[in-house]
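A.B. asks: Sequence and predicted structure, then a few things I'm wondering about:
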Amino acid sequence: MENGFVATPICCPSRTETFSGRYLQNVRGGSNCMGADTRQAGYKTSSMFGVLTQLGYETGVFGKVTNDQSNILELITSQDSATYINSPISYNNYMGDTYFRKFPNGTSYVETLDKKNPIYGTAYQTTQIGNRSLDWIREVAAGPKPFFAYLGPHAPHYPAMPAPWYTEAWPDLRIPKTPNYNISSPDKTQHIRQNPPLTAQAECWENQHFSDRWRTLLSVDDIVTDLFALLNELNIEKKTFVVYSSDHGYKQGQWRVGTSKQHPYETDIHVPLLFVGPGIPQGVVLPQMTGNVDIMPTLIDLAGGKGNIPPTVDGKSMLPLLLPSQRKPGQLHASDVEWRDAFMIAYKSVGTYYNDHSNCAGNNMGCKGTMPKCPSDGNCNCEEADGVGNGNCYFVDSTHSNSWRNLRIHNAQENLAYIEYDPTFDWITNDTKGGGLQFYELYNITADPYQMTNLYSTTDDATKTRLHQRVVEHYGCKGSWPSNTSTCL
C-alpha cells in the first residue's frame, strides 16, 4: 500500500489503534498510556487477538504489544484473548531476561532466561522473539486449527541496540541529507521554528543512532527470512497471509528535530504497509489511502467475514483492494473499488522533552560527550521562546505547541496535508474556516514532498473552510460496522 499511514505516530496509541481498528479520539482515556486506553487492544470482544481467538484460531503473541507491557499481557491472559503468549516483559531492554508465558490451558508464569546458557544461544531480544514465534508456528501448523501469529520486535526503537554479531555492520553509514535536514522552519509550529541548528556533536550522535537503528533491523530481516523459509518448509506458504508494517515513522534532523516521531509530517506518519498471500497479485503497488486502523478489520474479514468485525471498528477491510475475488461485479481493478481519499491522523503531546532523551546504545563513531540537549552541551536554559531560531534547546515534543490533527488527502486533484494545532485538544473554533485554534499548516505534498513551505497563510478562505469542515467530519468518525455507512470510510 503506497499510502499507508498510522493514525497516531507514537507507540501506545498507534498500537492500540492497530489492534482495535479505532482512531485515537475513540480510544482516549482509560488506562491512559500516552493518552490511549490500551485495554481496547486486549479485550476479547474488541481486540484483533480476541476476535480471532473466538473465530477458532490459535493465536500467538510474541514481542511488544503496548508500552504498558505487563498490564496488557495480563489483560490478554485474563480475557483469554490469545491462546498463547511468549513475550518479553522489559521490551525496552534488548538483552532482557524475563518473558511472560501464557498457555492454552490457561496457566501463565514469568520465565527468566539463564544468561550464561540461554535458549537459542543468545539473550538478544529480537532473536528470541523470532525463534520463539517460529517454534510455535511449527507446532500449531501441524494441528487442526488455523493460526494467527503476532510478531512485534522492538527494533529499531530506542535504544536501538544491535545484535552482538551485527555491531560492526555498515561502519560508514550516515543519515541521508534530505533537503529538509537541519533547515530553519519559520513557518512551522513554535517548538520547531525555534530549534537552533544542529551542531557537529549533535549530528555525530544522530548518525550513530541512525546506523544503530539499521543494524537492529538486520535481526528483523533475519526473522522475515526465516519466517518465509519455514512457511515454505511446512508447505503452507500458499495459504498463509503475511502483513508487514510499523507503529510509526521517524525523523533524524529534519527541520532541526532529532530522533523523534510525534509530528504530523510524512517522516512520522507514512509507514510501510505490505501484504502477501494467496490471491493477492504479486508486485502490485496500490495508491489508496489506508492505515493501521484498517489492518484489524482486514484480518477479521479474511478469517470470518465482515459480520465478525466489531461494531466499534473505525477502519475498513482492505480485502476488495487486495483480492480481485472479493470485488463486486464490474470492479475489475482496485481503482474501481469505492474508497476514502483522506486519512485522519491526530496526536496529543505526551510531554515537553528534548533531543537528549535518545542516547545511543554504543559509540563506534567517536562522538563527543552524549546526545546534546542544546548546542552548548552545558547548562541548558530550555524555554519555549517566541520568534524564529532563538530557542536554546533542541525540542522534540512540546505540550505547548505539539498537539494536532492532520487530514492527509490524496486524490486525482489534491495531495495535501492539512494540520490544525490545539494544546487543549478541544478544537473549539470561532468561524467556519476553523479560526481560533493555535496554529495551522498546509502542504502540497506533490510539489513539496519534504514539507518545507507552509501554504496556509496564502490560502484563500474558501479552501480553508472546505479543509476545516473535512477535518471536523473525519475527526467525528466512530465505529460504522456492520452498516459501513460512515463518511469517514
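C.D. replies: Thanks, I have it. Please read all numbers here as calculations on a predicted model, not as lab measurements. Numbering: from 1, shown residues only.
A.B. asks: low-scoring stretches of the chain, by residue?
C.D. replies: 480-489 (pLDDT under 70).
A.B. asks: So which residue is dead centre in it?
C.D. replies: Asp247 (1.5 Å; CA atoms, centre = their mean).
A.B. asks: I figured that one hits Ser14, correct?
C.D. replies: Yes - counting by CB atoms under 8 Å, Ser14 is a contact partner of Asp247 at 4.1 Å. C-beta here means a position set from N, CA and C on the backbone, and glycine is covered the same way.
A.B. asks: Between these two, which contacts overlap?
C.D. replies: Shared contacts of Asp247 and Ser14, defined by CB atoms under 8 Å, 6 or more residues apart in numbering, comprise Val6, Asn292.
A.B. asks: quick revisit: so who does the residue nearest to the centre of the chain touch?
C.D. replies: Asp247 makes contact with Val6, Ile10, Cys11, Ser14, Arg15, Thr18, Val271, Asn292 under the criterion CB under 8 Å, 6+ apart.
A.B. asks: could those residues be laid out in CSV, adding secondary structure and distance to Pro162?
C.D. replies: Converted to CSV, the contacts of Asp247 look like this (DSSP: H, G, I helix; E, B strand; the rest coil; distance: CB to CB, whole Å):
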residue, secondary structure, distance to Pro162
Val6, coil, 25
Ile10, coil, 23
Cys11, helix, 20
Ser14, helix, 24
Arg15, helix, 23
Thr18, helix, 26
Val271, coil, 22
Asn292, helix, 26
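A.B. asks: for those, which one is nearest Asp97?
C.D. replies: Cys11 (22.3 Å; CB to CB).
A.B. asks: mind listing the strands for the stretch 251-400 of the chain?
C.D. replies: According to DSSP state E, counting those that start in this stretch, the stretch 251-400 of the chain carries its strands in the segments 273-276, 289-291, 342-347, 353-354, 395-397.
A.B. asks: Which of those sits closest to Lys115?
C.D. replies: Among the strands of the stretch 251-400 of the chain, the nearest to Lys115 by CB to CB is strand 353-354 (32.3 Å).
A.B. asks: Can you tell me what sits against that closest one?
C.D. replies: The contact list for strand 353-354, computed with CB under 8 Å, 6+ apart, reads Lys373, Cys374, Cys380, Cys382, Cys393, Tyr394, Phe395, Val396, Asp397.
A.B. asks: doesn't Phe395 make contact with the second one?
C.D. replies: No - between Cys374 and Phe395 no contact is recorded; they are 10.1 Å apart, counting by CB under 8 Å.
A.B. asks: Which one's more surrounded, those two?
C.D. replies: Taking other CB atoms under 10 Å, Cys374 and Phe395 do not tie; Phe395 has more neighbours (28 against 20).
A.B. asks: Name whatever forms a beta bridge with the more buried one.
C.D. replies: Beta bridges link Phe395 to Tyr354 when assigned by DSSP bridges.
A.B. asks: so it makes contact with Thr189?
C.D. replies: No - Phe395 is beyond contact range of Thr189, at 10.0 Å (criterion: CB under 8 Å).
A.B. asks: any chance of the strands of the stretch 251-400 of the chain in JSON lines, plus distance to Asn444?
C.D. replies: Shown next, in JSON lines, are these (distance: least, CB to CB, whole Å):
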{"stretch": "strand 273-276", "distance to Asn444": "23"}
{"stretch": "strand 289-291", "distance to Asn444": "16"}
{"stretch": "strand 342-347", "distance to Asn444": "15"}
{"stretch": "strand 353-354", "distance to Asn444": "31"}
{"stretch": "strand 395-397", "distance to Asn444": "26"}
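A.B. asks: looking at those strands, which is closest to Thr66?
C.D. replies: Judged by CB to CB, the one of the strands of the stretch 251-400 of the chain that comes nearest to Thr66 is strand 342-347, at 16.4 Å.
A.B. asks: For the closest one, list the C-alpha coordinates in CSV.
C.D. replies: Output of strand 342-347 as CSV, limited to C-alpha atoms (Å, rounded to 0.1, in the frame of the first residue of the first chain):
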residue,chain,number,x,y,z
ALA,A,342,-8.3,11.1,3.1
PHE,A,343,-7.0,9.6,6.3
MET,A,344,-7.4,11.1,9.8
ILE,A,345,-4.2,11.4,12.0
ALA,A,346,-4.0,13.0,15.4
TYR,A,347,-1.6,13.4,18.3
